[in-house]
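> This is the structure alone, sequence omitted:
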Ligand SMILES: NC(=O)C1=CN([C@@H]2O[C@H](COP(=O)(O)OP(=O)(O)OC[C@H]3O[C@@H](n4cnc5c(N)ncnc54)[C@H](OP(=O)(O)O)[C@@H]3O)[C@@H](O)[C@H]2O)C=CC1
Ligand SMILES: O=CC(=O)O
């Protein structure tokens with residue numbers, strides 16, 4: 001008999017078939033209030049969970065006593081309580097690296113869109129209000145040869161630094177908890193404190209994972225340190241920024257403009273005050289959302305999942321130490 005797996009996200013037929021080769025699959029294209037009870041019912045004897053975004057914590061694990069693996073189709077895993085999974089001997093996996101270049105492209109696009117006011121000027125043309133030459137008050141600012149500060153110089157941060165250095169001739173500052181000498185050698189990046197980065201950068205890009213120390217990492221104090229001409233973009237998770245403080249910083253002219261791909265609550269409430277600010281550019285969490293990259297992520301997550309279901313070590317195992325020792 002095959003082990004039972006739950007897929008709780010819409011996947012391509014090839015991914016479904018690949019998982020079905022080794023598992024009996026219960027397939028929910030999405031979870032909502034109409035099917036949550038039956039999902040919980042199925043969890044009771046499920047050995048694998050495959051999807052993204054579901055909060056998997058001790059309370060959910062209580063409902064899933066036979067679980068062996070949770071495979072996240074994302075690199076960020078703030079939805080997973082890894083210590084709780086580890087305590088129960090459940091493997092947790094994610095999809096690092098395959099999305100680095102695509103997310104970096106998105107963040108460069110978001111910086112350019114914000115600096116050059118592309119969404120606003122697109123609207124000007126489409127609404128028929130482009131009636132004369134633009135006034136200087138409608139001009140954007142240059143990105144090339146400016147200073148970019150990257151907070152979270154990891155896999156994606158480094159791919160952003162590569163583009164900024166080679167493509168735009170930017171000077172790179174970065175903040176991590178530990179130095180990354182590879183990016184210093186490859187892209188001339190300079191390690192500095194968070195405060196120095198906020199004070200010196202023209203463009204600031206946030207790319208940290210969401211953890212307790214990074215929750216509201218950027219707030220009133222940090223916006224207050226930034227240049228009045230600074231452009232701030234967030235590609236990490238919405239909760240890494242104090243969104244109320246961002247509204248204040250944009251309204252009070254503490255920074256010039258901001259762009260974000262992520263919100264503390266997603267999908268964002270249409271009444272959210274950030275959405276009505278002219279100097280704010282928004283995206284609906286599409287950092288990795290190209291056909292090619294989403295396919296690569298789903299394939300990687302499925303490979304992790306199948307290995308785990310077969311009792312083997314998945315490639316991207318977040319709690320690897322425990323299972324290697326065991
Ligand atoms: N918008 C989107 O669609 C996407 C968003 N993401 C988000 O991007 C995040 C980063 O992904 P990825 O680059 O693969 O992750 P990495 O783990 O490779 O990089 C994260 C970096 O953040 C640094 N960091 C962690 N904690 C802190 C802290 N407290 N202060 C400063 N720096 C810190 C780490 O360095 P050190 O350990 O030295 O501090 C590390 O260099 C994901 O966790 C996810 O949330 C990812 C993909 C798509
Ligand atoms: O937000 C996306 C991810 O892969 O993390």
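Sure thing, it's come through. Note that the coordinates shown come from a computational prediction; the quantities given were computed from them, not determined experimentally. Numbering: from 1, shown residues only. Ligands and ions are numbered 1, 2, ... in the order given.

> Might you quantify the distance of stretch 55-66 from its chain's geometric centre?
24 Å (CA atoms, centre = their mean, to the nearest Å).

> Go through that stretch and flag the buried ones.
Across stretch 55-66, burial judged by 16 or more other CB atoms under 10 Å covers 56, 60, 61, 64. (Each C-beta comes from the backbone N, C-alpha and C, glycine too.)

> again, but for stretch 138-153
Within stretch 138-153, the residues that qualify as buried are 140, 143, 146, 147, 148, 149, 150, 151, 152, 153, counting by 16+ other CB under 10 Å.

> Just confirm residue 259 is within a strand.
Yes: the assignment for residue 259 (DSSP: H, G, I helix; E, B strand; the rest coil) places it in a strand.

> Return the per-residue confidence for it.
pLDDT for residue 259: 99.

> Could you dump the buried residues of stretch 138-153 into a markdown table with distance to residue 131, pLDDT and secondary structure added?
Formatted as a markdown table, the buried residues of stretch 138-153 follow (distance: CB to CB, whole Å; pLDDT from 0 to 100; DSSP: H, G, I helix; E, B strand; the rest coil):
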| residue | distance to residue 131 | pLDDT | secondary structure |
| --- | --- | --- | --- |
| 140 | 20 | 98 | coil |
| 143 | 28 | 98 | coil |
| 146 | 32 | 99 | coil |
| 147 | 36 | 99 | strand |
| 148 | 35 | 99 | strand |
| 149 | 38 | 99 | strand |
| 150 | 40 | 99 | strand |
| 151 | 41 | 99 | strand |
| 152 | 43 | 98 | coil |
| 153 | 45 | 98 | coil |
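
> Same list, those, but as JSON lines with distance to ligand 1 please.
Shown next, in JSON lines, are the buried residues of stretch 138-153 (distance: CB to the nearest ligand atom, whole Å):
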{"residue": "140", "distance to ligand 1": "23"}
{"residue": "143", "distance to ligand 1": "19"}
{"residue": "146", "distance to ligand 1": "22"}
{"residue": "147", "distance to ligand 1": "18"}
{"residue": "148", "distance to ligand 1": "15"}
{"residue": "149", "distance to ligand 1": "12"}
{"residue": "150", "distance to ligand 1": "9"}
{"residue": "151", "distance to ligand 1": "6"}
{"residue": "152", "distance to ligand 1": "3"}
{"residue": "153", "distance to ligand 1": "5"}
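
> closest to ligand 2 among the residues you listed?
When the buried residues of stretch 138-153 are compared for distance to ligand 2 (CB to the nearest ligand atom), residue 152 comes out closest, at 12.2 Å.

> ok, is stretch 168-187 in contact with ligand 1 or not?
Yes: applying CB under 6 Å from any ligand atom, one finds that stretch 168-187 is in contact with ligand 1 at 175, 176, 177, 178.

> Buried ones in that stretch, by neighbour count?
168, 170, 171, 172, 173, 174, 175, 180, 183, 184, 187.

> got a list of what the second one touches?
When you say that, I think you mean residue 170. Neighbouring residues of residue 170 by CB atoms under 8 Å, 6 or more residues apart in numbering: 143, 144, 145, 146, 147, 148, 164, 203.

> Any idea which residue of the stretch 51-200 of the chain lies closest to ligand 1?
For the stretch 51-200 of the chain, CB to the nearest ligand atom, closest residue to ligand 1: residue 154, 1.7 Å.

> List of residues touching stretch 28-39?
By CB under 8 Å, 6+ apart, stretch 28-39 touches 6, 7, 8, 9, 10, 54.

> ends of it, how far apart?
8 Å (CA to CA, to the nearest Å).

> The stretch 201-326 of the chain: helices as residue ranges?
Ranges of helices in the stretch 201-326 of the chain, per DSSP state H, counting those that start in this stretch, are 220-225, 243-251, 291-309, 320-325.

> Could you say which one of the ones you listed comes nearest to residue 49?
Closest to residue 49 of those is helix 291-309 (CB to CB; 8.8 Å).

> The closest one packs against which elements?
helix 13-20, strand 48-51, strand 69-72, strand 91-93, helix 100-115 (3 or more CB pairs under 8 Å, 6 or more residues apart in numbering; DSSP states H and E).

> got the contact list for the residue nearest to residue 233 when sequence neighbours are not counted?
Of all residues not flanking residue 233 in the chain, residue 259 sits nearest, at 4.3 Å (CB to CB, 6 or more residues apart in numbering). Contact analysis of residue 259 by CB under 8 Å, 6+ apart lists 110, 111, 113, 114, 231, 232, 233, 234, 280, 281, 282, 283.

> per-residue confidence for the fifth one?
The one in question is residue 231. For residue 231, the pLDDT comes out at 98.
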